[in-house]
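1. Everything below, folded, please.
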Amino acid sequence: MNYRFATCNDIDLLVSQRLSFIEISENNDNYSLLKDNCYLYFKNALANNTCDVVLAEDNMKCIGMTILRKIVEAAIAREYKIIMLNASEMGKPMYKKMGFKEIENGMILNMKSVKELK
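-> A predicted model of the protein is given here:
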């Protein structure tokens with residue numbers, strides 16, 4: 001299984017995936033504004049190391065937990081205090097299994113609660 005952290009070269013892909021995730025069509029009046037804002041967000045976040053995105057390079061099933069473990073491992077190594085993410089309804093059980101809690105706009109993992117990876 002191949003995976004890697006996204007770089008600034010992946011911004012167009014990340015924007016496309018984000019717009020798909022929030023299910024907004026090009027016909028929406030706010031599409032261009034959202035697309036531009038997503039682009040600026042990823043450009044700044046990746047350049048300033050305030051956001052990590054893991055990309056799976058293989059089209060394999062059941063890689064979500066492996067990728068999530070790598071994200072948590074990286075967060076531990078970088079001494080992050082929390083991990084926040086947006087989750088689909090389908091993904092929430094996996095995140096809960098790793099200790100994430102639901103919050104108003106997504107899910108959060110307090111790194112103090114991470115003793116060992118399950």
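2. quick one: least confident helix or strand in the chain?
-> Using mean pLDDT, DSSP states H and E, strand 54-56 stands out as the lowest-scoring helix or strand of the chain, at a mean of 71.
3. From residue 106, how far off is residue 36?
-> Counting by C-beta to C-beta, to the nearest Å, the gap from residue 36 to residue 106 is 22 Å. (C-beta placed from N, C-alpha, C; glycine too.)
4. Show me what the helix or strand just after the least confident helix or strand of the chain is packed up against.
-> Next along the chain after strand 54-56, taking DSSP states H and E as the criterion, comes helix 64-77. For helix 64-77, the packing partners by 3 or more C-beta pairs under 8 Å, 6 or more residues apart in numbering; DSSP states H and E come out as strand 3-5, strand 54-56, strand 82-85, helix 92-97.
5. Tell me which of those sits nearest to residue 71.
-> Closest to residue 71 of the helices and strands packed on helix 64-77, according to C-beta to C-beta: strand 54-56, at 5.8 Å.
6. In the protein, where is pLDDT below threshold?
-> In the predicted model of the chain, residues 1, 56-62, 115-118 satisfy pLDDT under 70.
7. Over to stretch 44-63 now: how far is its first residue from its last?
-> From its first residue to its last, stretch 44-63 covers 28 Å (C-alpha to C-alpha, to the nearest Å).
8. ok, now stretch 55-75?
-> With C-alpha to C-alpha as the measure, stretch 55-75 spans 16 Å from end to end.
9. and if you look at stretch 37-55?
-> End-to-end distance for stretch 37-55, by C-alpha to C-alpha: 21 Å.
10. contacts for it?
-> With contacts defined as C-beta atoms under 8 Å, 6 or more residues apart in numbering, stretch 37-55 is touched by 3-8, 10-15, 18-19, 67, 70-71, 74-75.
11. Which single helix of the protein contains the most residues?
-> In the chain, taking DSSP state H as the definition, the longest helix is helix 31-47.
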